[in-house]
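K.L.:
Provide a 3D model corresponding to the input given below.
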Amino acid sequence: MAKFIEWTEEQRVGFGEWLEGRPQFIRDLATKFPPDTLYRIKESGHRGHIVEYNENGTVTIAVSGEFNAVIFDRNVFGVNPENIEECELPTEDERVGTMLTEKSDIDEFVYAVWFDLN
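P.N.:
Just a heads-up that it's a prediction; the model follows:
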C-alpha cells in the first residue's frame, strides 16, 4: 500500500475533526479508504486518490499525471469503493505525466480531432 502524502500532525488532527462531524457511513468509508492512500481503479487501471466521499456510498478519485500517463487530469465521480484497490506508486521507469497541459497543445488536439471527425 502506498501513502502518496505524509500528513503533518495538524492535517491528521484536522481530518479527525472533520470526520467527527460526518454521518457514520462516511466515517466508516473514510476509515476503510483513507484519503492519503493511493488507489487503482480496477476497471481502468488508473491510479488516484480520494478527494470526496459521497452520500450515495461512492467516492470521487483524482486521476492525474502525477501517478499515470494521461491525456488530461480529471476527477472520476461515482466510483464504487469495491472497484478500487490500494496500489503502489509508479516505478521510476514507468511513464507518467499529463499530455494536454498547454493551451496550444489542447487547441492542436481539438483541431485535429474535430477535422478528423468531420
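K.L.:
any weak-confidence spans in the protein?
P.N.:
Applying pLDDT under 70 to the chain flags the ranges 1, 116-118.
K.L.:
mind checking the longest helix of it?
P.N.:
Ranked by residue count, the top helix of the chain under DSSP state H comes out as helix 103-117.
K.L.:
tell me the centre residue of the protein?
P.N.:
Nearest residue to the geometric centre of the chain (CA atoms, centre = their mean): Ala62, 2.4 Å.
K.L.:
got a list of contacts for the longest helix of the chain?
P.N.:
For helix 103-117, contacts defined as CB atoms under 8 Å, 6 or more residues apart in numbering pick out 71, 99-100. C-beta: built from backbone N, CA, C; applies to glycine.
K.L.:
Name the nearest of those residues relative to Arg47.
P.N.:
Nearest to Arg47 among the contacts of helix 103-117 is Ile71, at 15.3 Å by CB to CB.
K.L.:
Could you find the closest non-adjacent residue to that closest one?
P.N.:
Closest residue to Ile71 apart from its sequence neighbours, by CB to CB, 6 or more residues apart in numbering: Met99 at 4.8 Å.
K.L.:
Counting neighbours, what do you get for the one you found?
P.N.:
13 (other CB atoms under 10 Å).
K.L.:
now do the one 3 residues further on
P.N.:
Counted with other CB under 10 Å, residues neighbouring Glu102 total 9.
K.L.:
Now do the same contact list for Glu85.
P.N.:
With contact set as CB under 8 Å, 6+ apart, Glu85 has these partners: 39-40, 42.
K.L.:
Quick check: nearest residue in space to Phe72, chain neighbours excluded?
P.N.:
For Phe72, the nearest residue in space outside its immediate sequence neighbours is Leu100; the separation is 5.0 Å by CB to CB, 6+ apart.
K.L.:
right, and that neighbour touches Ile71 too?
P.N.:
Yes. Checked against CB atoms under 8 Å, the pair Leu100 and Ile71 is within contact range at 5.6 Å.
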